[in-house]
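A.B. asks: model this:
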Amino acid sequence: MKFATIRLSKENDPTDVFDLKYTLIDNTFTKKWINCVLEAQQRRYEISEPWALYNINDKLSDNFVLEKLNSLMSQVDKEEKMFGFKLESIYDKDKLNKIHSVFEKHHGKLDEWKDNPIFKNKSENFRKNLSEVNQFVHACENRHGSPKIRIVWFDLPKVNKFNDEDYKLFTNKKTFGSLYHLYADVGKNIESLAVDNDDHHHDVVPNIHFSADCVAYFCSDTEKQVAEYEKKFNEFVEENAEYLDSRGYKKNDTRLTTGRIEIGKLGKLDEKKLMSNLRKYDYIQSFFLS
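C.D. replies: I've put the predicted structure just below:
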């Protein structure tokens, strides 16, 4: 496998498509990631968030995201009261953290939800709605942030762990037109905790597991921005060393590595023209390897 393709379309017109074809980077991690994608396809899992084009067009507007999140919480509460309130503004960070903590508490880490009796005798949509509550919290947090496309398969078991060689490939720099692995654990990693001021989270969950999930970025960080990110992450680890130690992580634990692994590149492109083309599409029709 040398290429990965994100095929976009219009939700109301599947015949109008636009392909983003990435040349895969040849390293030991990419080979493992490819196996995860093939597993998702062999199991015939559909992409869980075909709407997840962030800050690329106007579909995920403030009102749309707010209404969708409140609707999802309401649907969850009809089967099992977990929230019992509405979000008034997508910029209410404390309430967003609270909503995320409810998801984190009941869903648990990775596949722990399967053993939680709260999911028994519920409709097929119950877990999907709760998972989408979590994703629309992130949609609120990412409004006006970096343009990106997320590809995720909720149902694919999260059993694969990074090794020391994988952690050496992590970077805190985002590059326009690159494809990266996506955080696959459930909880808050160092990156989130360092900037969220979150008093509601249940546990720190750094980058431990990987899956087929990936993210395409359409922005580039400057060296100054990367240095600022890393300073903030390092300060969080230093200031919370005792807490992290109580959770099983020493300051020099490689599992506290931040960032993401680059797995593919679009190659030479006209950035303005690409973004203009992307604005026309609002649906992830498929993702495939070749």
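
A.B. asks: need the strands for the stretch 151-290 of the chain, in chain order.
C.D. replies: Secondary structure of the stretch 151-290 of the chain (DSSP state E, counting those that start in this stretch): strands located at 160-161, 170-171, 178-181, 209-210, 214-217, 260-265, 283-289.

A.B. asks: tabulate the CA atom coordinates of the longest one in CSV.
C.D. replies: If I follow you right, that is strand 283-289. Taking C-alpha atoms only, strand 283-289 is exported to CSV below (Å, rounded to 0.1, in the frame of the first residue of the first chain):
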residue,chain,number,x,y,z
TYR,A,283,-19.3,14.8,3.5
ILE,A,284,-16.7,12.1,3.8
GLN,A,285,-17.9,9.5,1.4
SER,A,286,-15.0,7.0,1.8
PHE,A,287,-11.4,6.3,2.8
PHE,A,288,-9.3,3.7,1.0
LEU,A,289,-5.8,2.5,0.5
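
A.B. asks: quick one: strands adjacent to that strand?
C.D. replies: strand 3-10 (antiparallel) (DSSP bridges).

A.B. asks: would you mark the buried spots in the partner strand?
C.D. replies: Buried residues in strand 3-10, counting neighbours by 16 or more other CB atoms under 10 Å, are found at 4, 6-9. Every C-beta, even on glycine, is put in place using the N, C-alpha and C of the backbone.

A.B. asks: tell me the pLDDT at residue 129?
C.D. replies: Listed pLDDT for residue 129 reads 89.

A.B. asks: go ahead and list the helix or strand containing it.
C.D. replies: helix 125-141 (DSSP states H and E).

A.B. asks: tell me which other helices or strands that helix touches.
C.D. replies: When contacts are defined as 3 or more CB pairs under 8 Å, 6 or more residues apart in numbering; DSSP states H and E, helix 125-141 packs onto helix 62-79, helix 93-107.

A.B. asks: now do the first one, average pLDDT.
C.D. replies: The predicted model gives helix 62-79 an average pLDDT of 95.

A.B. asks: over to the last one?
C.D. replies: Helix 93-107 shows a mean pLDDT of 86.

A.B. asks: and it, what's buried?
C.D. replies: Residues 95-104, 106-107 are the ones in helix 93-107 that count as buried (16+ other CB under 10 Å).
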